[in-house]
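In: A predicted structure for the sequence below; I have some questions about it.
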Amino acid sequence: MVAMHVVVVGCGRVGSELAAELEAQGHTVAVIDKNRNAFRRLPERFTGRAVLGFGFDRDHLEQAGIREANAVAAVTSGDNSNILTARIARETYEIANVVARIYDPRRAVIYQRLGIPTVATVAWTTDQVLRRLFPDHWVSEWTDPSGAVDLVERMLPGTWAGRKLSELDEAERFRLVALTRGGQSRLATPEIVGQEGDVLYMAVRRDSRDELDNRLGEEGRHS
């Protein structure tokens, strides 16, 4: 991995952990936060820059080395601040790799149209809770910013063993992307045949989950 300079805006739990991990991977890091006490969350071994200020203030961004930065992560507790920071990084400084943390996933579509990738904290937390409450139900590995398409994990029903898994695909509603078999992961191909114990990773439109359940459950039994 090529070493980069990364600006992290927000030194809360997420920002401080992100900064520490980035530095551990060999990158140079600058952290911006409006609260001086927030920098106490950084590990003692942290050697990056700590800038007291705001991510949407160009002077503070300059102090953080924005002109040499390859990536910016805006992870404060404020959606508006994060998006403003991300827009300045993208539009003023032409940083290609920018991400903004948001708490309101309904805003994700708007930000996606602006070309700003987002991480919706509420949606992620909800998904983690549901995984633990209902481990045998739907598991979403990834959701696109608009919430329309999920990447889900499903166990292959035994009734599908011996059948071509390409038969699971249904136009633009859902399709098999990859699977894990015997602890080894592989991308899906049209020729791959199901085996008992396969774990499937399916891209599915959220409004087509019931159809996918029917395809996995009913068609396998009656075909």
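Out: Alright, I've got the coordinates.
In: can you show me the helices along this protein?
Out: Along the chain, the stretches classed as helices by DSSP state H are 13-24, 58-63, 79-87, 108-113, 121-133, 209-214, 220-222.
In: least reliable of those by average pLDDT, please.
Out: The stretch with the lowest mean pLDDT among these is helix 220-222, which comes in at a mean of 42.
In: where do the domain boundaries of this protein fall?
Out: Structural domains annotated on the chain: 5-123, 138-222, as defined by automatic domain parsing.
In: in a markdown table: the ones you listed, plus mean neighbour count.
Out: C-beta coordinates here come from the backbone N, C-alpha and C atoms, glycine included. Putting the domains of the chain into a markdown table (neighbours: other C-beta atoms under 10 Å) gives the following:
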| stretch | mean neighbour count |
| --- | --- |
| domain 5-123 | 18 |
| domain 138-222 | 15 |
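In: which of those has the lowest average pLDDT?
Out: Averaging pLDDT over each of the domains of the chain puts domain 138-222 lowest, since it has a mean of 84.
In: so how far does stretch 61-71 reach from one end to the other?
Out: The separation between the terminal residues of stretch 61-71, taken as C-alpha to C-alpha, to the nearest Å, is 12 Å.
In: any idea how far Thr28 is from Val6?
Out: Using C-beta to C-beta, to the nearest Å, one obtains 7 Å as the distance from Val6 to Thr28.
In: one more: Gly194?
Out: Distance check for Gly194 against Thr28: by C-beta to C-beta, it reads 47 Å.
In: and if you look at Tyr93?
Out: As judged by C-beta to C-beta, Tyr93 and Thr28 stand 16 Å apart.
In: tell me who's in contact with Asp59.
Out: Taking C-beta atoms under 8 Å, 6 or more residues apart in numbering as the contact definition, Asp59 lies against Gly53.
In: swap that for Leu22, please
Out: Leu22 makes contact with Val6, Val8, Val29 under the criterion C-beta under 8 Å, 6+ apart.
In: and if we set it to 10 Å?
Out: Ala3, Met4, His5, Val6, Val8, Thr28, Val29, Val31, Gly48, Ala71, Ala73 (C-beta atoms under 10 Å, 6 or more residues apart in numbering).
In: in the sheet, which residues pair with the closest residue to the fourth one other than its chain neighbours? Tell me.
Out: Once its chain neighbours are removed from consideration, Val6 has its nearest residue in Ala71; the separation is 4.7 Å (C-beta to C-beta, 6 or more residues apart in numbering). Assessed by DSSP bridges, Ala71 has beta-bridge partners Val6, Asn97.
In: dump the residue contacts of Ala71.
Out: 4-8, 22, 27, 29, 89, 95-99.
In: widest-spaced pair of these?
Out: Pairwise distances across the contacts of Ala71 peak at 17.5 Å for Val29 and Ala96 (criterion: C-beta to C-beta).
In: gap between stretch 96-108 and the chain center?
Out: 10 Å (C-alpha atoms, centre = their mean, to the nearest Å).
In: just stretch 61-78 next, same as before
Out: Between the centre of stretch 61-78 and the centre of its host chain there is 19 Å, according to C-alpha atoms, centre = their mean.
In: how long is it end to end?
Out: Stretch 61-78 stretches 17 Å from its first residue to its last (C-alpha to C-alpha).
In: repeat for stretch 162-181
Out: Across stretch 162-181, first to last residue, C-alpha to C-alpha, it's 14 Å.
In: again with stretch 144-151
Out: Taking C-alpha to C-alpha as the measure, stretch 144-151 stretches 9 Å from start to finish.
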